[in-house]
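Participant: just coords:
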């Protein structure tokens, strides 16, 4: 499975969440609401999840193995930094360029 597109939907300046992105795989499957997080001086991604009745969260979709997780995380974080270079800032938050 190949990452064919990454769209930065929104940037955030405050707090640990830095962006929300959509990722397209093989030009055929889109996964929305992947979050870019910066915590403890490290960037990583959090997959879309839902809240269970007991208050815990469960991923809706996630990589099955560590190799693919590393590949996906690297691609998303690279797209985040590339997007920062072209983002316009308004009201303290960056807004991705419309395509």
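Facilitator: All right, it came through fine. Only a predicted model underlies this, so the values are computations on that prediction, with no experimental measurement involved.
Participant: what are the ranges of the helices in this protein?
Facilitator: 66-86 (DSSP state H).
Participant: pairing partners for the longest strand along the chain, with directions?
Facilitator: What stands out as the longest strand in the chain, according to DSSP state E, is strand 29-39. As defined by DSSP bridges, the strand partners of strand 29-39 come to strand 17-25 (antiparallel), strand 42-46 (antiparallel).
Participant: tell me the most buried of those strands?
Facilitator: Ranked by mean neighbour count under mean count of other C-beta atoms under 10 Å, those are led by strand 17-25, which reaches a mean of 19. Yep, even glycine has a C-beta here, placed from its N, CA and C like the rest.
Participant: between helix 66-86 and that strand, find me the angle.
Facilitator: Interaxial angle, strand 17-25 versus helix 66-86 (axes from the mean of the first three to the mean of the last three C-alpha atoms, to 10 degrees): 120 degrees.
Participant: before we move on, the earlier item: gap between the longest strand of the chain and the chain center?
Facilitator: Mean-position distance between strand 29-39 and its chain equals 2 Å (C-alpha atoms, centre = their mean, to the nearest Å).
Participant: go on, stretch 12-24?
Facilitator: With C-alpha atoms, centre = their mean, you get 6 Å for stretch 12-24.
Participant: could you give the mean pLDDT of that stretch?
Facilitator: Mean pLDDT, stretch 12-24: 96.
Participant: re earlier: closest one to residue 62 among the strands paired with strand 29-39?
Facilitator: Closest to residue 62 of the strands paired with strand 29-39 is strand 42-46 (C-beta to C-beta; 9.8 Å).
Participant: how far out from the middle of the chain is the closest one?
Facilitator: With C-alpha atoms, centre = their mean, you get 8 Å for strand 42-46.
Participant: what sits up against that strand?
Facilitator: Applying C-beta atoms under 8 Å, 6 or more residues apart in numbering, the contact partners of strand 42-46 are 18, 34, 35, 36, 37, 72, 73, 76, 77, 80.
Participant: ok, now which ones touch the first one?
Facilitator: Read it as residue 18. Contacts of residue 18 by C-beta under 8 Å, 6+ apart are 11, 12, 36, 37, 38, 43, 80.
Participant: from those, which would you call buried?
Facilitator: Those of those that meet the buried threshold are 11, 12, 36, 38, 80, by 16 or more other C-beta atoms under 10 Å.
Participant: no further queries at this time; thank you.
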